[in-house]
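Peer 1: Model the structure of this input:
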Amino acid sequence: MRVLTAEYEVKMPHSLDEVLRILAEEPGVWRPIAGGTDVMVPPPPHVPEHTQYLDLTGLDALKGIAIDEAYMVFGALTTFTEVREKKEVHRHFPNLIKSARATAALAIQNRGTLGGNIMNGSPAADTPPSLLAYDAEVELRSVNGARWERLEDFWTGYKQFTRKADELLTRIRVRIPNGRGFHFYRKVGTRAAQSISKVSMACYARLDQGKVVEFRVGAGAVAPCCVRTRHAEAMILGRDVASLPVREAREALMLDISPIDDIRSTAKYRRTVAGNVFEQILEELARLGG
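Peer 2: This next block holds a predicted model:
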């Protein structure tokens, strides 16, 4: 088998300040990589779009999971395995555990990172729907300082971001839920394991005296990027859990998604399955309220 190859140039900065300096001096030239699990699998003709990389794996400043009274903060280099092994993530964010488990094989989970899963920009990425359901924010840092942005607003299209050329995604934070909530995650693929999503969906909801006071759904593989289902959410938020407008909410969901035909599935299949999974969310939520 013949494969076209390319020459690579890789720098391994010794500090976060050095990374930011390089990005400021040559914006758009150097591409930061974390686990690097997607570097060698570019689309045909097998020559990657980028050949100059900043290898971040040695930067301790981008590693670790911190917890305070309000937030859980993940360094951008936090691996899927580290997410799975953190007991506080199990307690507060079970969707993240499920989506980390659903990501590829153990070897990829040991190396792949939350930050890389976000910055790769794939609409079929496994952890972003869960992060969206938990209303996550990302920190973008440059030599001029840092800013936080909601993950929902970070993607603007297929592999398109609000990140500026001199910025680096450094942390992800999620607010620790207030009290007992409803958590749901489902990934639909060709196989039960090591499969790329055809449809994925995550939900976080909270009830108060029988009413839905929080309801967020993140969806993957049904739009140019992972998305919040705002129209469908609006049909459910504030409703009595015993009388949710399931049919109307499913119809509203179709305004939130724009699936395509590709080698893994068809747009029709994705619309149907997305609607079915959304109904499953509402059915399980109603049982919780009952």
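Peer 1: Buried residues in the helix or strand of the chain with the lowest mean pLDDT, which are they?
Peer 2: When the helices and strands of the chain are scored by mean pLDDT, DSSP states H and E, helix 106-111 comes last with a mean of 88. Residues Ile108, Gln109, Arg111 are the ones in helix 106-111 that count as buried (16 or more other C-beta atoms under 10 Å). Where C-beta positions appear, they are placed from N, C-alpha and C, glycine not excepted.
Peer 1: Could you measure from the second one over to Val73?
Peer 2: Between Gln109 and Val73 the computed distance is 20 Å (C-beta to C-beta, to the nearest Å).
Peer 1: sorry, back to before: got the contact list for the least confident helix or strand of the chain?
Peer 2: Gly35, Gly36, Thr37, Thr79, Phe80, Thr81, Arg84, Ala100, Arg101, Thr103 (C-beta atoms under 8 Å, 6 or more residues apart in numbering).
Peer 1: Recalculate using a threshold of 6 Å.
Peer 2: Gly35, Thr37, Phe80, Thr81, Thr103 (C-beta atoms under 6 Å, 6 or more residues apart in numbering).
Peer 1: Over to stretch 198-211?
Peer 2: 95, 129-130, 133-134, 181-189, 213-222, 240-241, 264-265, 270, 273-274, 277, 281, 285, 289.
Peer 1: The stretch 151-290 of the chain: strands as residue ranges?
Peer 2: In the stretch 151-290 of the chain, the strands defined using DSSP state E, counting those that start in this stretch lie at 155-157, 160-161, 168-175, 182-188, 199-208, 211-220, 227-228.
Peer 1: quick one: which of the ones you listed is nearest Arg21?
Peer 2: Arg21 lies closest to strand 168-175 among those, at 11.0 Å (C-beta to C-beta).
Peer 1: so what secondary structure elements neighbour that closest one?
Peer 2: Applying 3 or more C-beta pairs under 6 Å, 6 or more residues apart in numbering; DSSP states H and E, one finds that strand 168-175 contacts strand 71-75, helix 114-119, strand 137-142.
Peer 1: Pick the most deeply packed of the ones you listed.
Peer 2: helix 114-119 (a mean of 25; mean count of other C-beta atoms under 10 Å).
Peer 1: Can I get it as PDB, trimmed to CA atoms?
Peer 2: Only the C-alpha atoms of helix 114-119 are listed here, as PDB (Å, rounded to 0.1, in the frame of the first residue of the first chain):
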ATOM      1  CA  LEU A 114     -10.500  16.700  26.300                       C
ATOM      2  CA  GLY A 115      -8.900  19.800  24.800                       C
ATOM      3  CA  GLY A 116      -8.000  17.900  21.700                       C
ATOM      4  CA  ASN A 117     -11.500  16.400  21.300                       C
ATOM      5  CA  ILE A 118     -12.800  20.000  21.300                       C
ATOM      6  CA  MET A 119     -10.100  21.500  19.100                       C
END
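Peer 1: Could you list the residues in contact with it?
Peer 2: With C-beta under 6 Å, 6+ apart as the criterion, helix 114-119 contacts Ala34, Gly35, Phe74, Ala76, Thr78, Ala125, Thr127, Leu169, Ile172.
Peer 1: what separates the nearest residue to the fourth one once chain neighbours are set aside from Asp208, distance-wise?
Peer 2: What that stands for is Ala76. Closest residue in space to Ala76, ignoring its immediate chain neighbours: Gly115 at 2.8 Å, by C-beta to C-beta, 6 or more residues apart in numbering. Remark: distance between Gly115 and Asp208 (C-beta to C-beta) = 34 Å.
Peer 1: now Asp68
Peer 2: 25 Å.
Peer 1: Isn't Arg239 up against Val212?
Peer 2: Yes - counting by C-beta atoms under 6 Å, Val212 is a contact partner of Arg239 at 5.4 Å.
Peer 1: Comparing these two, which residue is more hemmed in?
Peer 2: Val212 (22 against 16; other C-beta atoms under 10 Å).
Peer 1: What score does the most centrally placed residue in the chain have for pLDDT?
Peer 2: Residue closest to the mean C-alpha point of the chain, counted by C-alpha atoms, centre = their mean, is Pro128 at 1.2 Å. Listed pLDDT for Pro128 reads 97.
Peer 1: One more: Ala205?
Peer 2: 98.
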